[in-house]
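Asks: sequence and predicted structure are below.
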Amino acid sequence: MRNGFLISPTRSALRRVHYSTLDDSNKNILSFVQRGQYSEALHLYSRRTCSNSHTSRFIFPSLVKGCTLLHDFRYGEVLHSSVIKLGFHSDPYIVNSLIRLYIKSGSLSRASKLFDNESSVVFLRDTALWNSIIDGYFKIGSLEEAMAHFSQMLLLNVKPDAYTLCILLGICKAFPNNLCGKDIHGFAMRNYCDDDSFVVTALIDMYCGYTRLADARNVFEKLQNKYYYVEVWNSMISGFCSNGLWIRGLELLIRAKRTGHYLGSASFASLLAASSQDEDMRIVSQLHCDVVKMGCENDPYVYTSLVTAYSECGYLEGARRIVCLDEHKEVEVWNATISAYVNQGYANDALDIYASMRHRDIMPDSFTYSSALIACSMTGSFSTGIMIHAELCKRFLEDGNIIQSALQAMYSKLGKTKEARNIFTEIQEKDVIAWGSMISGSLENLEFNGALILFQKMLLVDVEPDSNILANALNCCSNLGISLLGFSIHGFAIKAGSDLHAVTGNALIEFYSRCGQPEMARRSFSSVLLKNLAVWNSLMSCYSLNGMPDIALLLLPQILQDVSSLDCITITIALSSVSQMALLPAGKAIHGYYIRSQLPQELQVENSLLDMYIKSGFFKYAQLIFSRMPSRDVVTWNSMISGYGSHGECHKAMELFLEMKSSGYAPDSITFSSLISSCNHSGFIDEGIALFNSMKDHGIEPNMDHYLNMADLLCRGGHLREAFVLIQGMATSSTATPNSRIWMSLLSGSRVHRNADIGDMAAKRLIEMDSGNYAQVMNFYVEVGVREKAAELRGVMRKMGMKKLPGCSWIQVKDTVEVFFSGGFDGRISDSLHCLENCMKMTGDTGHEELVW
């Protein structure tokens, strides 16, 4: 009797005598098993079977254990047959080992059948057998069956031991909705088992899994002689760390040190992992010192945690020194270092460490190869990737699917779709990772149709897509403009619960943004449970791109309240929204936040600031920002050229264009569009024509914007015939065909210069294109004196119920935007104008005419 639990006397006697009854051959088999040489033990048994040698019943549990560890389940079945033939099928030891074999093979039905078939009283009172079957049900997630067997065990008066309780507490931890944990704790106390260190450890793990740290602490403090049980301390420290209270865990470590009791490596690993999340370099360094003092420096688990902790704190050099101090470090430490450099974006350094590892003849494992292949894809090192692939072809690794997925991802990211497809075809059991990698690679290589075909095939073979795959499929639908398929994927995501995840939610918002459905984007946003900054940015961008910049800006206070800070993408979207509304005060406020928050100086933000100040009419600030920019791109130069042009400084725009070319930047189509527009505003007809004719010298084909600006330029200068010829010549262009905008430009020019002939040709084209052009055409006919046609159009408009839309303007007053229309009346605007007029009279400002409205 131990702690109130029964130990069979028969079994104790068997333990004492069975070694003395073995012959030399049987002893050799047991010796192989004890040294972990299971293959040799099974081979020796096979030779004995062929020679019809006597086999002792005592070696079968060891042989079955060897089959279990080697995953040789077929040979385990052969051993089971031999057991039955030899009449050993009722031996509890053998039955227990067979049950564990079948559980490991995933055949719980056979394990349960074997357990139920043996109904002898001696057998049923064997606690180890009950433990095996309960543990088997637990491992497949069948909580009800496991608890039912435990209840049956108690009904048969079979005393559970500490291991039984540990299994049950593990079940309670894995199923937190189950409320049996307290009952098992009470059972342990009633049976005087609450002082067993293994049970106490399991209780602490369970309560920490429930986040009931006070209960876990009570169990820990009540244990007598707790300083003798290192595993209990490790469990309590790990529980604190896993629940974000690593400071409490550190206090326990200090308490143990003060009493002269030194804990094991598991405590250090937990504390290092937790403290690195807060990037507390000081604590990590102190723990490193303790690791050395405690003699844990050779523990690969601790050193792996140290490497990860230093990398999380941004001290990659410290992580590298740990590896380089001892060339005989385990492969896990090298893996952690390579992975740290990859995660921090230093892929070239990661490949250098991999090369150093190979130089020291340390054999990589699956994780090493995966990290190295990711580094190759990040750096574009195709040759290194091929060398790793060649090495993998010579080796056999158990995690074949992981390696093949990594190879496939590397080839996809390097644009080698044929090689990626070949690797994908070779994968025998394609899991969700393999499918996801292939779909992602097709998307990155702009093969949207191919990605959707793969997505369809994946569903046909009953592989459940994860959030990333659904997001990629939605991105393909967005790029191809396939709305119906996107709606279907949205429905699938709702059924699978994936719409609650940030990745899928983000893709849904972008999809509906491109479809022009901001309301559906908002609904998708509301479904996401944990909204990160990327999701907020997508919604803000959706409103900005769909003509709702005011709503986009209203999201900023909510974002700051939810995620506490903005990033450069948020700032860029906000500035773009400000530019659309020309709200200078709001733009200045966002600029101030950008400076105060000390965000990294990114080119996209600087370009957005330029655009905002130019469109808000504050060009001096734009010039100042441009002069102080450390780096520029074509977008920067285009913005400033456009800014000078829109502010009537065409000569400076031309000078900046020459400076741009001398700085080594090649102009693009937007550059010429901005320059021709500048010439248009300033009336520089010859310069504009020269620029238009020089576009092909720069390898740029004119598009609609260029033709529109040129037509407007010629019309403003009175060159209506040349403008008409230009528009007619667009028929031979492969990049643009005449639309209503360019004919409207010609009509407006004809109206200004009273050219009825050319204007009439433009008017006919506009009427053919769209009835929305009737009002402008009618006004043209009225002004050039063709009253009959004007009256005819007026009659057509009345029959169609068409009305002329009034002009609209807006002005920002403090925090609100006031909108008013031509022909309308707004009392607030009128009062403001009266107030302004009175102030001007009181100050003696007579340099202005009387205000009229």
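Replies: Alright, I've got the coordinates.
Asks: quick check: residue 747 vs residue 676, distance?
Replies: From residue 747 across to residue 676, the span is 20 Å (CB to CB, to the nearest Å). (Each C-beta comes from the backbone N, C-alpha and C, glycine too.)
Asks: so which residues make contact with stretch 418-437?
Replies: 401-402, 404-405, 407-409, 411-412, 438, 441, 454, 458, 461, 463-466, 468-469, 472 (CB atoms under 8 Å, 6 or more residues apart in numbering).
Asks: can you show me the helices along the stretch 101-250 of the chain?
Replies: 108-117, 121-124, 127-139, 143-155, 162-174, 181-190, 197-209, 213-222, 230-242, 246-258 (DSSP state H, counting those that start in this stretch).
Asks: what of the stretch 301-450 of the chain?
Replies: Under DSSP H, counting those that start in this stretch, the stretch 301-450 of the chain gives helices at 316-325, 331-343, 347-359, 366-379, 382-394, 400-413, 417-426, 432-444, 448-460.
Asks: what's the least confident stretch among these?
Replies: In terms of average pLDDT, helix 316-325 trails the rest of these, at a mean of 67.
Asks: excluding sequence neighbours, find me the nearest residue to the most centrally placed residue in the chain.
Replies: Nearest to the centroid of the C-alpha atoms of the chain, with distances taken as CA atoms, centre = their mean, sits residue 503, at 6.0 Å. If the residues on either side of it in the chain are set aside, residue 503 comes closest to residue 467, at 4.4 Å by CB to CB, 6 or more residues apart in numbering.
Asks: how about residue 578?
Replies: residue 587 (4.2 Å).
Asks: against residue 618, how distant is that neighbour?
Replies: 8 Å.
Asks: between these two, who's got more neighbours?
Replies: residue 587 (25 against 16; other CB atoms under 10 Å).
Asks: that one belongs to a helix?
Replies: Yes. Counting by DSSP: H, G, I helix; E, B strand; the rest coil, residue 587 is located in a helix.
Asks: begin at 390, not 1, for the rest of this chat.
Replies: Done: numbering now begins at 390, and the last item shifts to residue 976.
Asks: just checking, residue 863 touches residue 897?
Replies: Yes. Assessed by CB atoms under 8 Å, residue 863 is found in contact with residue 897 at 6.2 Å.
Asks: shared neighbours of those two, anything?
Replies: residue 879.
Asks: between these two, which one's more packed in?
Replies: A side-by-side neighbour count of residue 863 and residue 897, using other CB under 10 Å, places residue 897 first with 30 against 24.
Asks: now the more buried one, nearest residue through space, not along the chain?
Replies: In space, residue 897 is closest to residue 913, 3.8 Å off (CB to CB, 6+ apart).
Asks: ok, the one you found - contacts?
Replies: With CB under 8 Å, 6+ apart, residue 913 has these contacts: 879, 888, 894, 897-898, 901.
Asks: of these, which belong to helices?
Replies: Those of the contacts of residue 913 mapping onto helices are 879, 894, 897-898, 901, per DSSP state H.
Asks: quick check: of the residues you listed, which lies closest to residue 806?
Replies: residue 897 (27.1 Å; CB to CB).
Asks: list the contacts for that closest one?
Replies: So residue 897 contacts 863, 879, 882, 888, 910, 913 (CB under 8 Å, 6+ apart).
Asks: possible to save these as CSV with pLDDT and distance to residue 1112?
Replies: What follows is these, written out as CSV (pLDDT from 0 to 100; distance: CB to CB, whole Å):
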residue, pLDDT, distance to residue 1112
863, 94, 45
879, 94, 48
882, 93, 52
888, 90, 53
910, 94, 42
913, 94, 47
